[in-house]
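Chemist: okay, sequence plus prediction incoming.
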Amino acid sequence: MAEPKKVGLIVGREWSFPPAFIEEVNRRDAGVVAEYVKLGGTRANEPCPYAVIIDRISHEIPYYRTYLKNAVLQGTYVINNPFWWSADDKFFGTSLAAKLGVAVPRTVALPMHDYPEGVVSESLRNLEYPLNWEAIVEYVGLPAILKDVWGGGWKHVYVVHSLEELIDRYNQTGTLAMMLQEFIDWDHFVRCICIGQEEIMPIKYDPRERRYHVDHDHLSPELGQRVIQDARTLNRALGYDMNSIEFAIRDGVPYAIDFTNPAPDMDVNSITPHYFEWAVKTMADLAIDRALNPPPQRDEMRWARFL
């Protein structure tokens, strides 16, 4: 009898999704077992025992990212691909979305306010100073959203209502790379949980309350179809197998305002038991399929042709 394929889970401070996912995979008896990954130092070119690893925390723990890149080299399928998503930022994503025909807010990337110790003025000769704040605000409009290009989890996100408030907030951002984005005065807000690039669950969400609502008829058929198609377009282009995408809908147009979230919220206390059950089962479906029928993730890398 063949040994079962192993699915490994790397997690942070979440307590509901990980055990529910492991239990769901293991109870199916599909020739795949799930467990927490345990690491204690990784040798160069070390074989990886997992057919699939689901990564929920390497954006905060650099050692995990290092381990996961070696795992891809060994043929493991990693969700999400550490080579792809670590190269993405919110500004590039906005530009890419616009290229793909997905509606996005007007956006400007800003030079950093401060620089690490050792960076001298000669290294900044390509930057215009002072910034033409009036032209930037004229393009983006007010109010606007000032946020970290590499951020997530609502960290370093500010609504600014005037030029003075914008400059004051910007002056406090230190070495973060920030961008200024048009504030979409939405009449409806949707957060999509996305699994496997194709499975999209558009959920009614209130960012003011930071709360999900169980409502199965909150989108018209036409608008719902566009939201799902735009979400699929973004996931396919970014290569994300696990993501959340936010759409601020204004006058019937869904604007993609946040869509590079490789460790989306899957906690039962926030996404509600209804959507939690869907997320656990759908992620288990994906993990089992990737373990038994792995697509050639490693072959997508330029260096793979030399192996």
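Modeler: Received, thanks. Residues are numbered from 1 along each chain as shown.

Chemist: for Gly41, see how far away the spatially most central residue of the chain is.
Modeler: Central residue of the chain (CA atoms, centre = their mean): Asn261, 1.4 Å from the mean position. Applying CB to CB, to the nearest Å, one obtains 30 Å for the distance of Asn261 from Gly41. Every residue, glycine included, has its C-beta placed from N, CA and C.

Chemist: contacts for the longest helix belonging to the chain next, please.
Modeler: In the chain, taking DSSP state H as the definition, the longest helix is helix 268-292. Outside of helix 268-292, the residues within contact range by CB atoms under 8 Å, 6 or more residues apart in numbering are 5-7, 16-17, 20-21, 24-25, 28, 30-32, 34, 51-52, 54, 77, 79, 193, 195-196, 199, 201, 203, 210-212, 214, 241-242, 265-267.

Chemist: just the buried residues of these.
Modeler: Neighbour counting over these (16 or more other CB atoms under 10 Å) leaves 5-7, 16-17, 20-21, 24-25, 30, 32, 34, 51-52, 54, 77, 79, 193, 195-196, 199, 201, 203, 212, 241-242, 265-266 as the buried ones.

Chemist: those helices in the stretch 1-150 of the chain, which residues are they?
Modeler: Counting by DSSP state H, counting those that start in this stretch, the stretch 1-150 of the chain has helices at residues 17-27, 62-73, 82-85, 90-99, 133-140.

Chemist: pull the CA atoms of the first one into CSV?
Modeler: Taking only C-alpha atoms (Å, rounded to 0.1, in the frame of the first residue of the first chain), the coordinates of helix 17-27 have been written out as CSV:
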residue,chain,number,x,y,z
PHE,A,17,-8.8,27.4,10.7
PRO,A,18,-5.6,25.2,11.2
PRO,A,19,-7.1,22.4,13.3
ALA,A,20,-10.4,22.4,11.3
PHE,A,21,-8.4,22.1,8.0
ILE,A,22,-6.2,19.3,9.3
GLU,A,23,-9.2,17.4,10.6
GLU,A,24,-11.1,17.9,7.3
VAL,A,25,-8.3,16.5,5.2
ASN,A,26,-7.6,13.6,7.4
ARG,A,27,-11.2,12.5,7.9
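
Chemist: what angle do it and helix 268-292 make?
Modeler: If you take axes from the mean of the first three to the mean of the last three CA atoms, to 10 degrees, helix 17-27 sits at 40 degrees to helix 268-292.

Chemist: mind giving me the packing neighbours of helix 17-27?
Modeler: Judged by 3 or more CB pairs under 8 Å, 6 or more residues apart in numbering; DSSP states H and E, helix 17-27 is in contact with strand 5-10, strand 32-36, helix 268-292.

Chemist: give me the mean pLDDT for it.
Modeler: Across helix 17-27, pLDDT averages out at 98.
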